[in-house]
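Q: Just to be clear, the model below is a prediction. Sequence and coordinates:
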Amino acid sequence: MNQELLRIVDSLARDKNIDKETVFEDLEAAMLSAIRKANAASEDIVVRINRQNGEITASVSGQKMSVRDLGRIAAQTAKQVMIQRIREAERGSIYEEYLDRKGQIVTGRVARWDGGSLIVDIGRVEAILPKSEQIPGESHMPEERLRAMILDVREQPSAVKIVLSRTHPDFIRALFELEVPEVAESIIEIKALAREAGYRTKVAVASLDTKVDAVGACVGVRGSRIKNIVDELGGEKIDIVRWNDSSKILIANSLKPAEVAEIALCFELGRATVVVTDDQLSLAIGKRGQNVRLAARLTGWDIDILTPNEYNAGLDTLERALREVSGVDSTIVDQVVAMGMVNVLDVEEVGPEPLMNELGMNRELASRLVVRCAEEAKKVADQQAAKGRSAREAARVEGEATPAGEADEQAKPPSQEAGEVEPAPAQPEPQEPAQPDETASDADSPARPDEGAAP
C-alpha cells in the first residue's frame, strides 16, 4: 500500500504538472479533514506521510490511530477535499505555465463553437478564440488543427481563461520567428509592423549582419518562407519593407510598390507630404486608402499624398499669402517651406511658436503670418465648398432630367407592347430601307456547317 501511494503521488504530480510536495500536502490535508470529521471534539490532530516509504502516521490528542479505522463518511470527505485541493493546485500550475507563454503561438484542435467564439483544445486546457480575434472571412470546422497566439491569461475562481488571437500584429511577428530562423536568432529584427487582419500587413525589417539581406531572408528561396506565413493567414497580403533610419527613405519604402517623387517632412505636425505622379496616385493610396494608411501606422507619420499640380498649387498659395505680409521676403518663404509647411493650412495649424523658435521671428511678425494664412485657408475652403455645391447642383439637375427622358420612352401605346406594328412615318428615310427580321430568319433556317455545326 505504501509503495502504491508513492506511485500514485508520482503519477499525479507528472500528469497534472504539480510539485510532488504539493500532492503530499494535499493528501495530508484531506486525511486531516476526514479525521476531524470523525473526531469533532478534538483539536489536536496530526497527520504525516513519510516521503520516502509512503507510511502514514496519524494521532488524535497524542494517541496514535489508523486511518483505516475511519468510516465511509470520513473517507468521502477526504476524497472531496483531496480532489478540490489538487484541482486548485493544477489551476495554479496552468496559470503559471501559460502566463509565461503569453505572446507565443500554440497549436490546438478546434473543439466546438460557443456562440461566435471558438473553443480550442490546446492540451491541458481549453482556450477561447473570440469573434473579435478571428480573421475576417475565415471559417473553421471541429477537429481542425489551428494555430493562434496566446493574447491573455486570466485566473478565475472556477478555471483559468486563456484568450487566443489570430488578428493581433504580434501574431505575425511570432509567425516570422517560427518560419525565419534569422528572426528567431535576432540576426534580423522586425522594427515595425502594421496590420489590417485578413487584408494586408506591412513589416519593416533590418539586418544586424551586413552579410544577411533582411528582405531576402524573410521572403526565402522562391518565396517559400513568406508563402508559409501567407497560407497560415488565409492569403493575407504581406509587404516586407526595408527599414531605414531616415524617415524620408522609410516612408518611400513603405509606400511601395508606388514610386515617390518628393517628400516634405513637417516635424512640428508629424506630417509627411508625399508627391507622386498622376499614374502612381491610386497605387500609393491603395484600395480604400489601405496602402497609405498602413504606411502611416508603420512609419509613425501622418502621410498626405498629393499630385505635382496639387503640391505646386499649395506652394503658390502659401507664397502669395506670405508675401502679402510686410517684412516677409523670399528668404523667409524658403525657410517656412524648408520646415515642411507646404500650404497655408500647415502654417495655421503650426501656430506662431515654431516660427519664433526655429526661424527667430518676433512674435508680431509670426502672428501676422499665421493670421494671414488662416484667412487664405478660409478663402480656399470657401472656394472648395462652392465648387462642391456647384457639382451637387449639376448632378441634381441632371438627375431630374433623366426621369423625363425615361418617361418619354415609356409613353408608348399599349398596342405596341402587344406586338402591333406602328404606322410608317410620313416621310421614310431612303437610306435605311426596311429589312427582313434577320433574327427570326436565322432561327428558322437550318444551321450551316461553317457556323459551328458538327459535319
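A: The structure has been received and is ready for your questions.
Q: helices or strands up against the lengthiest helix in the chain?
A: In the chain, taking DSSP state H as the definition, the longest helix is helix 363-410. Applying 3 or more C-beta pairs under 8 Å, 6 or more residues apart in numbering; DSSP states H and E, one finds that helix 363-410 contacts helix 308-323, helix 344-350, helix 352-359. In this view, the C-beta of every residue, glycine as well, is placed from N, C-alpha and C.
Q: can you put the ones you listed in a markdown table and add mean pLDDT?
A: Formatted as a markdown table, these follow (pLDDT from 0 to 100):
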| stretch | mean pLDDT |
| --- | --- |
| helix 308-323 | 91 |
| helix 344-350 | 89 |
| helix 352-359 | 88 |
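Q: In JSON lines: those, plus mean neighbour count and distance to Asp213.
A: Below are the helices and strands packed on helix 363-410 laid out as JSON lines (neighbours: other C-beta atoms under 10 Å; distance: least, C-beta to C-beta, whole Å):
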{"stretch": "helix 308-323", "mean neighbour count": "16", "distance to Asp213": "34"}
{"stretch": "helix 344-350", "mean neighbour count": "22", "distance to Asp213": "38"}
{"stretch": "helix 352-359", "mean neighbour count": "16", "distance to Asp213": "39"}
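Q: Mind checking these for the one nearest to Glu375?
A: helix 308-323 (7.8 Å; C-beta to C-beta).
Q: which residues touch the closest one?
A: With C-beta atoms under 8 Å, 6 or more residues apart in numbering as the test, helix 308-323 has contacts from 261-262, 273, 275, 277-278, 306, 328, 332-333, 336-337, 341-344, 346-347, 369, 372-373, 375-376, 380.
Q: need the helices and strands packed on helix 363-410 in TSV with distance to Glu138, can you?
A: Listed next are the helices and strands packed on helix 363-410 as TSV, based on distance: least, C-beta to C-beta, whole Å:
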stretch	distance to Glu138
helix 308-323	40
helix 344-350	42
helix 352-359	47
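Q: Select, out of those helices, the one closest to Ala174.
A: helix 344-350 (39.5 Å).
Q: what's in contact with that closest one?
A: 266, 268-269, 271, 314, 317-318, 321, 336, 339-341, 369-370, 373-374, 376-377, 380.
Q: How far does that helix sit from its chain's centre?
A: 33 Å (C-alpha atoms, centre = their mean, to the nearest Å).
Q: Let's see it as PDB, backbone CA atoms only.
A: Taking C-alpha atoms only, helix 344-350 is exported to PDB below (Å, rounded to 0.1, in the frame of the first residue of the first chain):
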ATOM      1  CA  VAL A 344      -1.500  77.700 -45.700                       C
ATOM      2  CA  LEU A 345      -3.300  75.100 -43.600                       C
ATOM      3  CA  ASP A 346       0.100  73.900 -42.300                       C
ATOM      4  CA  VAL A 347       1.100  77.400 -41.100                       C
ATOM      5  CA  GLU A 348      -2.300  77.900 -39.500                       C
ATOM      6  CA  GLU A 349      -2.100  74.600 -37.700                       C
ATOM      7  CA  VAL A 350       1.500  75.100 -36.500                       C
END
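Q: mean confidence score for stretch 177-186?
A: Average pLDDT, stretch 177-186: 92.
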